[in-house]
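Colleague: Here is a sequence with its predicted model. Questions after.
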Amino acid sequence: MVAKKMKKQNASILIVDDDENICEILSLLVKKEGLKTLVAHEGDTALKIIRSKMPDIVLLDIKMPGMDGIEVLKRVKELDENLPVVMITAYANIQGAVDAIRLGAHDYLAKPFDDHEVIRVVHRALAERNLKLKLRSLSNRIQGDGYIREMMGPSDVIGQLIYDVNCVVKSDFTIVILGETGSGKELIARAIHEASSRSEGPFVPVDCGAIPETLLESELFGHEKGAFTGAELKKPGKFELAQGGTLFLDEILNMPLSSQAKLLRVLQDKKVSRVGSTKPINVDVHVLVASNLDLEDAVVSGSFRRDLFYRLNEFTIKIPPLRERKEDIHYLVKRFLDLTNKELKKNVEGFSESAIERLTAYDWPGNVRQLRSTIRRAVLLANKMITEKHLDLKTMSLPGLAINLKKAEGMPWKDLSLKEIVQQKIIEVERDVLGKVLKYTGGNKAKAARILQIDYKTIHTKVKQLGISVDADRHDKEEG
């Protein structure tokens, strides 16, 4: 029996076959089920569509001129191992389809098609994909795996982050979470709380930079009625509110030294005294702190107490910036596209190839938060397809590092902030190192990438961004 037609189905199917008649027949068949279709007649085009439009299923012919279906399957699995691929084959080549399943294909369809069988296989593949996506976010949530993967991406770098979280999640160690603005520090803090034995208790976040210095101690420790002007009622502090749960102190470096001393005392004694009272209150709270700057540097500069640093630094988790895990960008833009389509009740299909290239090449100084805002704006502006003109990325020549180097002429670093000075030096060092290594390799970028232990796409992008001249007569293809 044919599966019931899926109403309001947003799933899309990529049909890959060099026979235009086959593509037309399959397209008409699945469109009747309320599914969108994409078509390609050879392997290279299929891979480009997968990168830019991110279909939910691929129907893939085994025999095609040029790149055959087996090779396309291997490359699809490298792009998205969870993307279901259904192989199309003639009866005489069933063994080829069976071999493809061993390589990761979901199923196969034999020509000539049975309409009912096509629909059954398509619906089964869709159901399995949806189930995998749900399980990925729910089945391992105790360890925080699914939630972090869902929110941050499938890269090996995020895998290492998950490993670090799992190492400490069942303990009450005080944890320092380091990461740039927009990288997901609170997300990791919440994941730790949800996976801990305190998950039934409250999660209380505090932005130490958003509370005036004069009110910070009252916010953290509470106050008694009449403790100061305006204290008309007794108020419990964040430590009391987090009782039995987790207290997350974000941007801890914004805490003044006087409050740091009192925080240290609370962590040591596990007691708080409200402002205006000398009566201690026992607190049982797991404390997580976060910073976008290294706490050790702040200790050296004198802006952070050394004894508090040692008390807090029982375990450190470092969140990598988005520019160091660009393989997650493809996943994240798809996720933000789907969420924004749903929010705006739109049906933007995907991204042009040039838009994907720009998104991948950009260095994202605002990290995932900036990427999300960029995609939301692009979906708002676009109709069917997001192109370069919809991307608000004004510094593509040097992503995230657009600095006027001439500013530093005359008085050293005149009018530049410390952050800009550091970014300027990063540009200079990268240009110098890449230039020297490329000169050593005779312009071979693949060899230079291996020496510098970075991937080929990264070095290719940086050569263009930094304006490094490479001998055009030298080949830079990957050597066997």
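Modeller: In hand now; what should we look at? Numbering: from 1, shown residues only.

Colleague: what about Ser218, how many neighbours?
Modeller: A count of nearby residues for Ser218, using other Cβ atoms under 10 Å, gives 21. All C-beta atoms are positioned from the backbone trio N, CA, C, and that covers glycine.

Colleague: before we move on, what about the one 4 residues further on?
Modeller: Under the neighbour criterion other Cβ under 10 Å, Gly222 is assigned a count of 23.

Colleague: again, but for Asp156
Modeller: So Asp156, with other Cβ under 10 Å, has 9 neighbours.

Colleague: same deal with the one 5 residues further on?
Modeller: The local packing of Leu161 (other Cβ under 10 Å) involves 25 other residues.

Colleague: got the contact list for it?
Modeller: Ile148, Met152, Ile188, Ile317, Ile319, Pro320 (Cβ atoms under 8 Å, 6 or more residues apart in numbering).

Colleague: go on, Ile49?
Modeller: So Ile49 contacts Leu14, Leu38, Ala40, Pro55 (Cβ under 8 Å, 6+ apart).

Colleague: now those residues in TSV, with neighbour count?
Modeller: Shown next, in TSV, are the contacts of Ile49 (neighbours: other Cβ atoms under 10 Å):
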residue	neighbour count
Leu14	24
Leu38	22
Ala40	22
Pro55	23
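
Colleague: For Glu232, give me its contacts.
Modeller: Lys225, Gly226.

Colleague: Assign a three-state SS to it, would you?
Modeller: Judged by DSSP: H, G, I helix; E, B strand; the rest coil, the three-state class of Glu232 is coil.

Colleague: Including neighbour count and pLDDT, could the contacts of Leu161 go into CSV?
Modeller: CSV is the format used below for those (neighbours: other Cβ atoms under 10 Å; pLDDT from 0 to 100):
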residue, neighbour count, pLDDT
Ile148, 26, 86
Met152, 26, 91
Ile188, 27, 95
Ile317, 20, 95
Ile319, 25, 95
Pro320, 19, 93
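
Colleague: Which single one of these is nearest to Gln160?
Modeller: Gln160 lies nearest to Pro320 out of those, by Cβ to Cβ, at 8.4 Å.

Colleague: one step back: now intersect the contacts of Ile49 with the strands, please.
Modeller: Here DSSP state E is the test, and these give Leu14, Leu38, Ala40 as lying in strands.

Colleague: Tell me the spacing between the last one and Ile50.
Modeller: It refers to Ala40. As judged by Cβ to Cβ, to the nearest Å, Ala40 and Ile50 stand 9 Å apart.

Colleague: and for the two, which residues touch both?
Modeller: Leu14.

Colleague: Of the contacts of Ile49, which pair is most distant in space?
Modeller: Using Cβ to Cβ, those span at most 10.2 Å, a distance reached by Ala40 and Pro55.

Colleague: Report the set of residues contacting both of those two.
Modeller: Common neighbours of Ala40 and Pro55 (Cβ under 8 Å, 6+ apart) are Leu14, Ile49.

Colleague: any idea how far the residue most central in space within the chain is from Asn367?
Modeller: Centroid check for the chain by Cα atoms, centre = their mean gives Met152 as the closest residue, at 3.4 Å. Distance from Met152 to Asn367, counting by Cβ to Cβ: 10 Å.

Colleague: can you list residues touching both of these two?
Modeller: In contact with both Met152 and Asn367: Gly184, using Cβ under 8 Å, 6+ apart.

Colleague: Check what pLDDT the closest residue to Pro65 other than its chain neighbours gets.
Modeller: Leaving out its chain neighbours, the residue that sits closest to Pro65 by Cβ to Cβ, 6 or more residues apart in numbering is Asp18, at 6.0 Å. You'll see Asp18 listed with a pLDDT of 91.

Colleague: Ok, Asp415 next?
Modeller: On pLDDT, Asp415 comes in at 55.

Colleague: try Leu293
Modeller: Per-residue confidence (pLDDT) for Leu293: 88.

Colleague: try His475
Modeller: So His475 comes in at 45 (pLDDT).

Colleague: what's around the residue nearest to Pro65, how many residues?
Modeller: 15.

Colleague: so is it in a helix, a strand, or just coil?
Modeller: Assignment for Asp18 (three-state DSSP): coil.

Colleague: That one and Ala227, how far apart?
Modeller: 79 Å.

Colleague: cool, and Val422?
Modeller: Counting by Cβ to Cβ, the gap from Val422 to Ala227 is 43 Å.

Colleague: between these two, who's got more neighbours?
Modeller: Applying other Cβ under 10 Å to Val422 and Ala227 shows that Ala227 carries more neighbours, namely 16 against 10.

Colleague: what's near enough to touch the nearest residue to that one once chain neighbours are set aside?
Modeller: Nearest residue to Ala227, sequence neighbours excluded (Cβ to Cβ, 6+ apart): Gly276, at 2.7 Å. Counting by Cβ under 8 Å, 6+ apart, Gly276 touches His223, Glu224, Lys225, Gly226, Ala227, Phe228, Ala231.

Colleague: my guess is the fifth one is in a strand, correct?
Modeller: No - checked against three-state DSSP, Ala227 lies outside a strand; its state is coil.

Colleague: Next, the buried residues of stretch 248-263.
Modeller: The neighbour-count check on stretch 248-263 (16 or more other Cβ atoms under 10 Å) flags Phe248, Leu249, Asp250, Glu251, Ile252, Leu253, Asn254, Met255, Ser259, Gln260, Lys262, Leu263 as buried.

Colleague: Give me the subset of those residues lying in strands.
Modeller: Phe248, Leu249, Asp250.

Colleague: Beta-bridge partners for the second one, please?
Modeller: Read that as Leu249. Beta-bridge pairing of Leu249 under DSSP bridges involves Val206, Val289.

Colleague: low pLDDT regions in the stretch 251-400 of the chain?
Modeller: Of all residues in the stretch 251-400 of the chain, those with pLDDT under 70 make up the ranges 394-400.

Colleague: where along it do the strands fall?
Modeller: 271-273, 280-282, 286-291, 315-318, 350-351, 385-386 (DSSP state E, counting those that start in this stretch).

Colleague: what lines up beside the second one in the sheet?
Modeller: Strand 280-282 has its sheet partners listed here by DSSP bridges as strand 271-273 (antiparallel).

Colleague: Could you dump the contacts of Leu161 into JSON lines with distance to Lys439 added?
Modeller: Shown next, in JSON lines, are the contacts of Leu161 (distance: Cβ to Cβ, whole Å):
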{"residue": "Ile148", "distance to Lys439": "41"}
{"residue": "Met152", "distance to Lys439": "38"}
{"residue": "Ile188", "distance to Lys439": "41"}
{"residue": "Ile317", "distance to Lys439": "39"}
{"residue": "Ile319", "distance to Lys439": "35"}
{"residue": "Pro320", "distance to Lys439": "30"}
